[in-house]
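**Q** Any chance you could fold what I've pasted below:
(one chain, ligands or ions: 1)
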Amino acid sequence: MSGDIYREFTDTPILKRLYSHVTDAGVAPGFWDMFVLAPLENLFRPRFRKEDLSLGKKLGEGAFGTVYKASLTNKQLLKKDGPLVVKKANEYGAVEAWMNERVRRACRKSCADFVHGFLDDTSSKGKEEFWLLWRYEGKATLADLMANKDFPYNVEELILGPGKGDDLPRGPERQNRILRTILRQILSALAQLHSTGIVHRDVKPQNIIYSEDTKSFKIIDLGAAADLRVGINYIPKEFLLDPRYSAPEQYIMSTQTPSAPPPIIAAALSPVLWQMNLPDRFDIYSLGLIFLQMAFPNLRNDSGLISFNRQLKRRDYDMVQWRNLVEAKQSQDIRQGFEILDMDGGVGWELLKDMVRFKGRKRISANAALAHPYFVRAGLFGLSGMQKLRLSLMRSSEQENEGVDWVTSLMAKSGTESVGGFTEAQLQNMREKEPRRKGSIQRNAMAQALKLQRKAAQTIAATVDDIQKGEVGKRVNWWNRWQN
Ligand SMILES: Nc1ncnc2c1ncn2[C@@H]1O[C@H](COP(=O)(O)OP(=O)(O)OP(=O)(O)O)[C@@H](O)[C@H]1O
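**A** Okay, here's the model as predicted:
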């Protein structure tokens, strides 16, 4: 089927409605995507072969493949011409193709524009290679831009256009405005991925690309991502980490969680497993480190970041203790970083601390971060009175203050985003910070129900595991599992 027909079909109202159903649902059911949309899309998409592509400059080479800039020799295949990127993946190619297709269906703007993936078994080396195709987004990753001495001003020009940021003199306030824009764009992309059930697991400046077309940052390299809605690439006890950016928990799911059950069961279980483990907070930690690097020039290179990681670990991941340590050193880079983070009553520093926490459960989610006062400013005069109140309430809620909880719930009931109420995301985040000792009857009942749900999830998954391992004949007894 030609690319034109495919494009026309995907533009029809019916498919648009199907797509929007998946996107709008937020917690979109994985089986809907896997068993309806994916096969439907498969029917209509154009077929590529390696002969349709001409490879150009090598863009990168990782442990699992080589990436080239490329162009299409068969122009019929795509309606919109333009340079492409080809990854010849020798391992995990099929998984990366799945992730990219899923993202294209559910949240296409968050990641590089994926075109197609196909298996090439005609390689001269005699082994199968998976070819993955994207549109070429641009020449610079966030890592390239951060390596430039003029960062973050070099990004301002890309996002706003030349000379457009000149309303402010060069200094912390202008830098803060640029960092805020970059962070908001990456958080929005992550929030979309997470609401689709995907955890990236390799968020780092090298995997964030500036798209020249949309003039914004997008995420690339979904090779290590896990799709928890359908259990793809989810192996609880092993995956490759980039130690520079990975969160201390190392595994995104509890290692007690059995390996992924078949897709249809995983789809049903995933909301439970997600709530139990909050795996998305792994990505938030990595993004917190990127925020830190953007603010502090001395942490932008590998040795700076590695020594930061070491210092933080020695201080039990307490950012305040780290601050006390480095502020005593009186370095220009450190001063500059804190000047940025301390603006507007320290909202940047607050957000950073909420992202870089030892416990995943205590970390802010991408959606809650987007509603943080750091992003909600009242023009040149900084924070409004209501925003200051919000901020101090958010700070106090860290101390598990019941009174604050009461006030915040009142505020939420009486207000909206525009008049000062908390968003649902913020409230959710606060609730997560509140381990209660004594509970009401309602709360205890909820806790019991959750416990039961958790046990059921574990029993089903463990039984499925046994069946998968071929232990059906050996008396797989779910009742024994339940009792354990
Ligand atoms: N859509 C794209 N548009 C432009 N450049 C891209 C695109 N995708 C990837 N690149 C470039 O190719 C490089 C390698 O891509 P990617 O990270 O996906 O490959 P990889 O084999 O996983 O590499 P690594 O193992 O080093 O992470 C990126 O750093 C980027 O410069």
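**Q** Please pull out the lowest mean pLDDT helix or strand from this structure.
**A** Within the chain, no helix or strand scores below helix 402-414, which has a mean of 37 by mean pLDDT, DSSP states H and E.
**Q** Any idea what whichever residue of the stretch 51-200 of the chain sits closest to the ligand is bridged to?
**A** Closest to the ligand within the stretch 51-200 of the chain is residue 62: 2.0 Å, counting by C-beta to the nearest ligand atom. Any C-beta I mention is one placed from the backbone N, CA and C, and that applies to glycine too. For residue 62, the beta-bridge partners under DSSP bridges are residue 65.
**Q** Next, count neighbours for it.
**A** 12 (other C-beta atoms under 10 Å).
**Q** And for residue 79?
**A** Residue 79: 14 neighbours (other C-beta under 10 Å).
**Q** what ranges do the strands span in the chain?
**A** For the chain, applying DSSP state E gives strands covering 53-62, 65-72, 84-89, 114-120, 129-135, 198-199, 208-211, 216-219, 226-227.
**Q** out of the ones you listed, deepest packed?
**A** strand 198-199 (a mean of 28; mean count of other C-beta atoms under 10 Å).
**Q** got a list of contacts for that strand?
**A** 99, 102-103, 193, 222, 225-229, 252, 279-280, 282-283 (C-beta atoms under 8 Å, 6 or more residues apart in numbering).
**Q** From those, which land in helices?
**A** Secondary structure from DSSP state H places 99, 102, 103, 193, 282, 283 of the contacts of strand 198-199 in helices.
**Q** is it true that the last one touches residue 192?
**A** No. Using C-beta atoms under 8 Å, residue 283 is not in contact with residue 192, being 11.9 Å away.
**Q** follow-up on the earlier one: show me which pair in the contacts of strand 198-199 is furthest apart.
**A** 102 and 282 (18.5 Å; C-beta to C-beta).
**Q** picking that back up, of the strands of the chain, which is nearest residue 334?
**A** Nearest to residue 334, of those and by C-beta to C-beta, is strand 208-211 at 24.4 Å.
**Q** tell me what that closest one is packed against?
**A** For strand 208-211, the contact count by 3 or more C-beta pairs under 8 Å, 6 or more residues apart in numbering; DSSP states H and E identifies helix 142-147, strand 216-219 as packing neighbours.
**Q** In this structure residue 220 contacts residue 211, no?
**A** No. Counting by C-beta under 8 Å, residue 220 stays clear of residue 211, with 10.0 Å between them.
**Q** Spit out the residues that contact these two alike.
**A** 112, 137.
**Q** Check the gap between residue 370 and the ligand for me.
**A** 24 Å (C-beta to the nearest ligand atom, to the nearest Å).
**Q** That residue against residue 185, yeah?
**A** No. Between residue 370 and residue 185 there is no contact under C-beta under 8 Å: 10.5 Å.
**Q** Which of the contacts of strand 198-199 are buried, as a ChimeraX select command?
**A** Only the buried entries of the contacts of strand 198-199 go into this ChimeraX selection, using 16 or more other C-beta atoms under 10 Å:
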select :99,102,103,193,222,225,226,227,228,229,252,279,280,282,283
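**Q** Just give the closest residue to residue 94, not the sequence neighbours.
**A** residue 130 (5.8 Å; C-beta to C-beta, 6 or more residues apart in numbering).
**Q** give the contact list for that neighbour.
**A** Residue 130 neighbours (C-beta under 8 Å, 6+ apart): 88, 89, 90, 93, 94, 96, 97, 117, 118, 119, 120.
**Q** Kindly recompute the last result at 7 Å.
**A** By C-beta atoms under 7 Å, 6 or more residues apart in numbering, the contact set of residue 130 is 89, 93, 94, 97, 117, 119.
**Q** Let me know the closest of those residues to residue 72.
**A** residue 117 (15.2 Å).
**Q** Which pLDDT does the model give residue 223?
**A** Residue 223 carries a pLDDT score of 84 in this model.
**Q** surely it meets residue 64?
**A** Yes. Under the criterion of C-beta atoms under 7 Å, residue 223 makes contact with residue 64 at 6.2 Å.
**Q** ok so, going back, which of the strands of the chain has the lowest mean pLDDT?
**A** strand 226-227 (a mean of 82).
**Q** Stretch 51-60 close to the ligand?
**A** Yes. Using C-beta under 6 Å from any ligand atom, stretch 51-60 reaches the ligand at 59, 60.
**Q** Give me the contacts around that stretch.
**A** Contacts for stretch 51-60 (C-beta under 7 Å, 6+ apart): 66, 67, 68, 69, 70, 71, 72, 73, 74, 77, 85, 86.
**Q** so what's the fourth one closest to, chain neighbours aside?
**A** Using C-beta to C-beta, 6+ apart and skipping the chain neighbours, the partner closest in space to residue 69 is residue 56 (4.4 Å).
**Q** Likewise for the first one?
**A** Counting by C-beta to C-beta, 6+ apart, residue 88 is the residue found nearest to residue 66 once chain neighbours are left out, at 5.3 Å.
**Q** So what sits opposite that neighbour in the bridge?
**A** Beta-bridge partners of residue 88, as defined by DSSP bridges: residue 66, residue 131.
**Q** and it, what is it in contact with?
**A** 65, 66, 129, 131.
**Q** likewise residue 184?
**A** 370, 375.
**Q** If I look at it, what pLDDT would I see?
**A** For residue 184, the predicted pLDDT is 97.
**Q** Under the pLDDT cut-off, which ranges of the protein? List them.
**A** Applying pLDDT under 70 to the chain flags the ranges 1-44, 123-126, 230-240, 250-276, 377-484.
**Q** List, one by one, the residues from it near the ligand.
**A** So the chain meets the ligand at 59-60, 62-65, 67, 85, 87, 112, 134, 136-138, 141, 206-207, 209, 220-221, 223 (C-beta under 6 Å from any ligand atom).
**Q** redo that, cut-off 5 Å
**A** Within the chain, the residues that sit near the ligand (C-beta under 5 Å from any ligand atom) are 59, 60, 62, 65, 67, 85, 112, 134, 136, 137, 220, 221.
**Q** now, which of those sits nearest residue 174?
**A** The closest of those to residue 174 turns out to be residue 137 (C-beta to C-beta; 26.0 Å).
**Q** my guess is the closest one contacts residue 109, does it?
**A** No. Counting by C-beta under 7 Å, residue 137 does not reach residue 109; the two are 11.8 Å apart.
**Q** So which of the two has more stuff around it?
**A** Using other C-beta under 10 Å, the more surrounded residue of residue 137 and residue 109 is residue 137, with 22 against 14.
**Q** nearest residue to the more buried one other than its sequence neighbours?
**A** Using C-beta to C-beta, 6+ apart, the nearest residue to residue 137 is residue 211, at 4.3 Å.
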